[in-house]
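Q: Curious how this folds, go ahead:
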Amino acid sequence: MYELLVRIETLLVALDRPVLLAIGVPALLIGLVLWLGGTRYSTAIIGLLGAVVGSFLGLLVSQWFDLHPWLSMLVGAIVLAVASILLRNILILVLAVLVFSAVSGAGYIAVALDRIAPAQPEAQAQTQTPTPTRPGFSVQSFSNMDTAQRLTYMKDISQEAETFEERLKALLSDTWNALGTQGWMVVIAVVAGAVVGILLVWYIAKVIIALAYSVVGTATLFLGAQAALLSAGYHAVSSLDAHRLSLPIAFASMTGIGWVWQLLSSRRKPKHEAAEPKKDE
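A: Here you go, the predicted structure:
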């Protein structure tokens, strides 16, 4: 997990402080809602998600047919938000399956990257000279570099691209190359996660949906905290180099806490339902 997060940190560190804050603060707020209140506010979340997707699609339509962009975005947001709320139950099940699929794939990538990027030996750490992760791999291990070397390596693989999109494409390509022949296992992991998600949602939908919200909320909190701390000049992931296991432990613990909290809060009846009016005899 450390290798994957340090790659994300290297990608984000090149952004300006206001951009990092613009990413970090909303991500923290959204992550907190999803982490502890996903099931409780599922209707609002689904409606908001539909509005965001609808506005994006409306913008695309306005470009294709030369329409007014703001009007197209507004119409798209309203239409898709209403449709999402009406189809709320179906969409929640679909999103839960997608979350399981994504978590399965991302989890495999995180484990595989850590295996091909072992901890840097003490002698090598003193020279701070990055080396390939293992024989046959031309991809450098971000875990075995300091911050300056990571930025230099990022410039090399992105050919000194200035846009975030180009750097992201270069990092994704480098990460895929790092997996080598294990890349096909990512596809299997994604499919397996989807199948497991379908089966679990089919039998215990309420429990699994709460878990899906907690996983997404925890991941969003991690991203938001990382971006916010980077805006203050603190490299949170790099600082945990000597305690790499703390990251997956923290992620699993927070996911479990959010999951249990949502299950318990969903069992509490609102006051107006708990206090039933007495029948007149």
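Q: Show me where this structure dips below the pLDDT cut-off.
A: Along the chain, the model assigns pLDDT under 70 to residues 116-140, 180-183, 201-203, 267-281.
Q: Distance of the residue nearest to the spatial centre of it relative to residue 143?
A: Compute the mean C-alpha point of the chain, and by Cα atoms, centre = their mean the closest residue is residue 219, 4.8 Å away. The gap separating residue 219 from residue 143 is 20 Å, by Cβ to Cβ, to the nearest Å. C-beta here means a position set from N, CA and C on the backbone, and glycine is covered the same way.
Q: Please apply the same query to residue 112.
A: For residue 112, the distance to residue 143 under the criterion Cβ to Cβ works out to 13 Å.
Q: cool, and residue 24?
A: Using Cβ to Cβ, residue 24 is found at 23 Å from residue 143.
Q: now swap in residue 260 and tell me
A: Summarising the geometry, the distance separating residue 260 from residue 143, computed by Cβ to Cβ, is 32 Å.
Q: Could you list the residues in contact with the helix or strand where residue 148 lies?
A: With elements taken from DSSP states H and E, the one containing residue 148 is helix 147-157. Under the criterion Cβ atoms under 8 Å, 6 or more residues apart in numbering, residues 6, 10-11, 13-14, 128, 130, 140, 142, 145, 167, 170-171, 173-174, 235, 238 lie in contact with helix 147-157.
Q: And the buried ones among those residues, selectable in PyMOL?
A: Buried residues within these, as defined by 16 or more other Cβ atoms under 10 Å, are selected in PyMOL through the command that follows:
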select buried, resi 6+10+11+13+14+130+140+142+145+167+170+171+174+235+238
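Q: Now go through the contacts of helix 147-157 and say which are in helices.
A: 6, 10-11, 167, 170-171, 173-174, 238 (DSSP state H).
Q: Show me which pair in these is furthest apart.
A: Checking the ones in helices among the contacts of helix 147-157 against each other with Cβ to Cβ, the farthest-apart pair comes out as 173 and 238, at 22.7 Å.
Q: if we can go back for a sec, give the buried residues for the helix holding residue 148.
A: Taking 16+ other Cβ under 10 Å as the neighbour-count basis, helix 147-157 is seen to contain the buried residues 149-150, 153-154, 157.
Q: Tabulate the residues you listed in a markdown table, adding columns for distance to residue 210.
A: Formatted as a markdown table, the entries for those read as follows, by distance: Cβ to Cβ, whole Å:
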| residue | distance to residue 210 |
| --- | --- |
| 149 | 42 |
| 150 | 37 |
| 153 | 40 |
| 154 | 38 |
| 157 | 39 |
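Q: other SSEs contacting the longest helix that the chain contains?
A: Of all segments of type helix in the chain, defined using DSSP H, the longest is helix 183-231. Packing contacts for helix 183-231, counted by 3 or more Cβ pairs under 8 Å, 6 or more residues apart in numbering; DSSP states H and E, involve helix 2-12, helix 17-37, helix 88-116, helix 164-179, helix 236-239, helix 246-267.
Q: who's in contact with the first one?
A: For helix 2-12, contacts defined as Cβ under 8 Å, 6+ apart pick out 20, 23, 106, 109-110, 113-114, 117, 141-143, 147, 150-151, 154, 164, 167-168, 171, 175, 222-223, 226-227, 230, 235-238, 240-241, 244, 247.
Q: Send over stretch 194-210 as PDB, restricted to the C-alpha atoms.
A: In PDB, the C-alpha atoms belonging to stretch 194-210 read as follows (Å, rounded to 0.1, in the frame of the first residue of the first chain):
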ATOM      1  CA  ALA A 194     -17.500  -7.700  -9.000                       C
ATOM      2  CA  VAL A 195     -18.800 -11.300  -8.700                       C
ATOM      3  CA  VAL A 196     -18.300 -11.300  -5.000                       C
ATOM      4  CA  GLY A 197     -20.000  -7.900  -4.700                       C
ATOM      5  CA  ILE A 198     -23.000  -9.200  -6.700                       C
ATOM      6  CA  LEU A 199     -23.300 -12.300  -4.500                       C
ATOM      7  CA  LEU A 200     -23.000 -10.400  -1.300                       C
ATOM      8  CA  VAL A 201     -25.400  -7.600  -2.300                       C
ATOM      9  CA  TRP A 202     -27.900 -10.200  -3.400                       C
ATOM     10  CA  TYR A 203     -28.000 -11.900   0.100                       C
ATOM     11  CA  ILE A 204     -27.000  -9.200   2.500                       C
ATOM     12  CA  ALA A 205     -27.500  -5.900   0.700                       C
ATOM     13  CA  LYS A 206     -27.900  -3.600   3.700                       C
ATOM     14  CA  VAL A 207     -24.600  -4.800   5.400                       C
ATOM     15  CA  ILE A 208     -22.600  -4.700   2.200                       C
ATOM     16  CA  ILE A 209     -23.900  -1.300   1.100                       C
ATOM     17  CA  ALA A 210     -22.800   0.100   4.500                       C
END
